[in-house]
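>>> no FASTA, just this:
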């Protein structure tokens, strides 16, 4: 280890008090075929195989010490090659984010970047060839340490491989931005570093890693290391020559970078710097000057570590990975009752999606009911068709498809369908009287222990249960559309919902693989209440006279996945109007009902835009319907007004106890509305921009939570 690297890592180690230290064990073996003595470095943090291996300062120092050992052996001719691999099922998943978020100044952040580079790049300067064996999950720095090696193999069973840094608000800062485009070309590198990251951190499988040219060979998981060593021996003996395609360093490189910028613009609209910093480094890597590229990575990494985007990204990551698994306020899971049959009231699209989800995850009988046989048959037919699609895509085999189809059925008679059901969910028309009638009919025929769940998006669960003999078993179970994709499940406790019913609901949510958040029975719960206030303020400024395009552009700095009116089109103007009417009745002083939106719904329009030119343009028929005042706001004024409204509403929701903490608000928006990771949901952004304090007199989150520690 060089003195400089040693000093960097020793200094940084003091800032990572909770580091789970990764060891780098060196063992020696004779390669098959008589190729000679070989040194294999294995990364292992000593925890069980499900716990990821990460790199903090001490972990990097341990790897550096292992390289010291093998470097001398290589120089002395005692070994013919060096390999690096991970513990079973996990190669390594990058930097220790728990430590990164504790850093308080730029020099410490810069030390982390330089420390990683100084250690990893030693693998490319050793006197013998180096090999990386991606035997399991590899992300971030785990991918990058392998990129510094001369050769790479990958297992076919690899579950996840990515450079997710841009997703979190960083750049691949230990060689990824400089090395990957020089290995596989700029366009493929842009796909891995930018496109995959900004598409909800899309992961690569082993086959894709090989096809992209990141790995030179691919082997089955069962004997992956053994086959990799046989292949290594053949390479060292000259029996196998690894030929890589020539990299196009002409216009194709520049076009790839521009494609990346277009992707970033479409996803974050210039509001988050990480993607653009990564693209700048990729662009500069065109000349192959790796030292300059590494220095640029160091600087970008340090700048971004000290920025709000990374802190928010780590905060969001922790919400989804940790808080989501331990829902605040959830009752003792031992109170949950088993669910061996599910009933679904309704057979429309939403009900059919629910039936499919319950069927696939629980693999228990699922029965749908509706008011006529045609609707019932259509609902069951939808489920069967979706199972056939899964079979066609080889997601399930024929036996599984047959079994699932046999488990779903439809009946007209609720008594016949629900007499032995343990969990019954309604997905009928969003009108309180209709839902009360449905529950009365279900209660009359369902077993005494059965949970009665409602998928209502805005109505009172307590009112829905108020006329039942046993309101304690009614629970809100609010999914988000599309059901199969969005993870959030708002579980609503009514005034009389008991712990056993609630525990059963959370137990079902876990089996459905949903992110469950406990929500108080309040109008529109969490996501719809915040989005309706957000959208309502946009509609208000349009109604008052601000041009539609100005109102839409005003919130682009948030980097939302789509503009407000495109989101309204996705939700459906009629649903948006219905929720705004519900909230207006509850909170008339804050929630308005837009006359223009009502006119759009009355005219049967599906949205504000037409797409004949390939991009959204205001529908002339909608423009003719709009009645606007004369008060015109600027983009900045509009943004301030919208954010002030959202901050006020979140403050009131927390005062009312709609959720336990601000963290639950953010978890709901991330998993239920696709709110960007780089914002951390919404409250870190409102804190960072000073909106929370301006509106409520204080930030939502304590200093150091999604921000630099004091």
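All right, it came through fine. Given the structure is predicted, the values throughout are model-derived calculations rather than measurements.
>>> Look up the closest residue to residue 124, ignoring the ones flanking it.
Of all residues not flanking residue 124 in the chain, residue 148 sits nearest, at 4.9 Å (CB to CB, 6 or more residues apart in numbering). Using the backbone N, CA and C atoms, a C-beta is placed for each residue, glycine as well.
>>> Against residue 63, how distant is that neighbour?
Distance, residue 148 to residue 63, using CB to CB, to the nearest Å: 11 Å.
>>> Same drill for these two, tell me which one is more crowded.
Between residue 148 and residue 63, counted using other CB atoms under 10 Å, the more crowded position is residue 63 (25 against 21).
>>> Would you map the strands across the stretch 351-500 of the chain?
Counting by DSSP state E, counting those that start in this stretch, one finds strands in the stretch 351-500 of the chain at the ranges 366-369, 408-411, 423-426, 451-454, 474-479, 488-493.
>>> and the third one, average pLDDT?
For strand 423-426, the mean per-residue pLDDT is 98.
>>> Go ahead and name everything in contact with it.
Here strand 423-426 makes contact (CB atoms under 8 Å, 6 or more residues apart in numbering) with 339, 341-346, 354, 418, 435, 438-439, 442, 446, 450-455, 477, 504, 508.
>>> quick one, longest helix in this protein?
In the chain, taking DSSP state H as the definition, the longest helix is helix 635-656.
>>> Residue 390 reaches residue 396, doesn't it?
Yes: Residue 390 lies in contact with residue 396 (CB atoms under 8 Å); the separation is 4.8 Å.
>>> Just give me the neighbour total for the closest residue to residue 54 other than its chain neighbours.
Nearest residue to residue 54, sequence neighbours excluded (CB to CB, 6+ apart): residue 96, at 4.4 Å. By other CB under 10 Å, the residues close to residue 96 number 25.
>>> what does the model give residue 96 for pLDDT?
Residue 96 carries a pLDDT score of 85 in this model.
>>> quick one: contacts for it?
16, 19-20, 54-56, 59.
>>> switch to 6 Å and redo it
Neighbour list for residue 96: 19, 54, 56 [criterion: CB atoms under 6 Å, 6 or more residues apart in numbering].
>>> Of those residues - the most surrounded one?
Of all the contacts of residue 96, the highest neighbour tally under other CB under 10 Å goes to residue 56, namely 27 neighbours.
>>> That residue is in contact with residue 18, isn't it?
No: contact between residue 56 and residue 18 fails when scored by CB atoms under 6 Å: they sit 8.9 Å apart.
>>> which SS class is residue 272?
Secondary structure state of residue 272, per DSSP: H, G, I helix; E, B strand; the rest coil, is coil.
>>> so what's it up against?
309, 559, 678.
>>> Could you rerun that using 7 Å?
Contacts for residue 272 (CB atoms under 7 Å, 6 or more residues apart in numbering) come out as 169, 309, 559, 678.
>>> Look at the nearest residue to the last one once chain neighbours are set aside and report its pLDDT.
If I follow you right, that is residue 678. Take residue 678 and drop its neighbours on the chain: the residue closest to it by CB to CB, 6+ apart is residue 272, 4.2 Å away. On pLDDT, residue 272 comes in at 87.
>>> Would you confirm that residue 182 contacts residue 247?
Yes: in this structure, residue 182 is within contact of residue 247 by CB atoms under 7 Å, at 6.4 Å.
>>> neighbour count winner among those two?
Between residue 182 and residue 247, counted using other CB under 10 Å, the more crowded position is residue 182 (20 against 17).
>>> For the more buried one, give me phi and psi.
Main-chain torsions, residue 182, degrees, to the nearest 10: phi -80, psi -10.
>>> who are the neighbours in contact with it?
The contact partners of residue 182, taken as CB under 7 Å, 6+ apart, are 247, 285, 288.
>>> now swap in residue 667 and tell me
319, 323-324, 515, 517, 681.
>>> what's the distance between it and residue 321?
11 Å.
>>> follow-up on the earlier one: could you find which two of the contacts of residue 272 are furthest from each other?
For the contacts of residue 272, the maximum inter-member distance is 11.0 Å, found between 169 and 559 (CB to CB).
>>> State the three-state secondary structure for residue 247.
Per three-state DSSP, the secondary structure class of residue 247 is coil.
>>> Hmm, it is touching residue 184, no?
No: contact between residue 247 and residue 184 fails when scored by CB under 7 Å: they sit 8.1 Å apart.
>>> Please compute how far the host helix or strand of residue 516 lies from its chain's middle.
Secondary structure from DSSP states H and E places residue 516 in strand 515-520. On the basis of CA atoms, centre = their mean, to the nearest Å, strand 515-520 sits 18 Å off its chain's mean C-alpha point.
>>> Just list what the following helix or strand past it packs against, helices and strands only.
From strand 515-520 onward toward the C-terminus, using DSSP H and E, the following helix or strand is helix 527-544. In terms of contacts (3 or more CB pairs under 7 Å, 6 or more residues apart in numbering; DSSP states H and E), helix 527-544 is packed against helix 548-554, helix 564-571, helix 573-586, helix 595-602, helix 635-656, helix 662-673.
>>> Give the buried residues for helix 527-544.
Buried residues in helix 527-544, defined by neighbour count with 16 or more other CB atoms under 10 Å: 527-543.
>>> again with stretch 51-68
Those would be 52-64, 66-67, for stretch 51-68 by 16+ other CB under 10 Å.
>>> State the pair within these that is farthest apart.
The span of those, defined through CB to CB, is set by 52 and 67 at 21.7 Å.
>>> Okay, and residue 25 sits in which element?
strand 23-31.
>>> Parallel or antiparallel, which strands does that strand pair with?
strand 36-44 (antiparallel) (DSSP bridges).
>>> and for the partner strand, what are the contacting residues?
Here strand 36-44 has contacts from 22-31, 53, 66, 70, 73, 78-87, 92, using CB under 7 Å, 6+ apart.
>>> For PyMOL, write a command that selects the buried ones of the residues you listed.
Buried subset of those, written as a PyMOL selection, criterion 16+ other CB under 10 Å:
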select buried, resi 22+23+24+26+31+53+66+70+73+79+80+81+82+83+84+85+86+87+92
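>>> quick revisit: now for the residue nearest to residue 124: which residues touch it?
120-121, 123-124, 175.
>>> Just the pLDDT for residue 108.
As summarised for this prediction, residue 108 has a pLDDT of 86.
>>> how far away is the residue lying farthest from the centre of the chain from residue 37?
Distance from the C-alpha centroid of the chain, by CA atoms, centre = their mean, peaks at residue 76 (48.3 Å). The gap separating residue 76 from residue 37 is 11 Å, by CB to CB.
>>> cool, and residue 391?
51 Å.
>>> Please apply the same query to residue 667.
Look at residue 667 and residue 37: by CB to CB, they are 52 Å apart.
>>> And residue 194, by the same measure?
Distance of residue 194 to residue 37, given as CB to CB: 42 Å.
>>> cool, and residue 285?
Between residue 285 and residue 37 the computed distance is 36 Å (CB to CB).
>>> And the two? Which one has more around it.
When neighbours are counted by other CB under 10 Å, residue 285 and residue 37 differ, and residue 285 comes out ahead with 25 against 14.
>>> which SS class is the spatially most central residue of the chain?
By CA atoms, centre = their mean, the chain has its centre lying nearest to residue 200, at 4.8 Å. Per three-state DSSP, the local secondary structure of residue 200 is coil.
>>> Name the nearest residue to it, sequence neighbours excluded.
Distances taken as CB to CB, 6+ apart put residue 167 closest to residue 200, at 7.6 Å, once the chain neighbours are dropped.
>>> Help me confirm that that neighbour is found in a helix?
Yes: assessed by three-state DSSP, residue 167 belongs to a helix.
>>> Surely it touches residue 199?
No: counting by CB under 7 Å, residue 167 does not reach residue 199; the two are 8.8 Å apart.
>>> Number of residues surrounding residue 371?
Neighbour count for residue 371, taken as other CB under 10 Å: 11.
>>> measure the closest residue to it other than its chain neighbours to residue 345 for me?
Nearest residue to residue 371, sequence neighbours excluded (CB to CB, 6+ apart): residue 412, at 7.9 Å. Residue 412 is 12 Å from residue 345, where distance means CB to CB.
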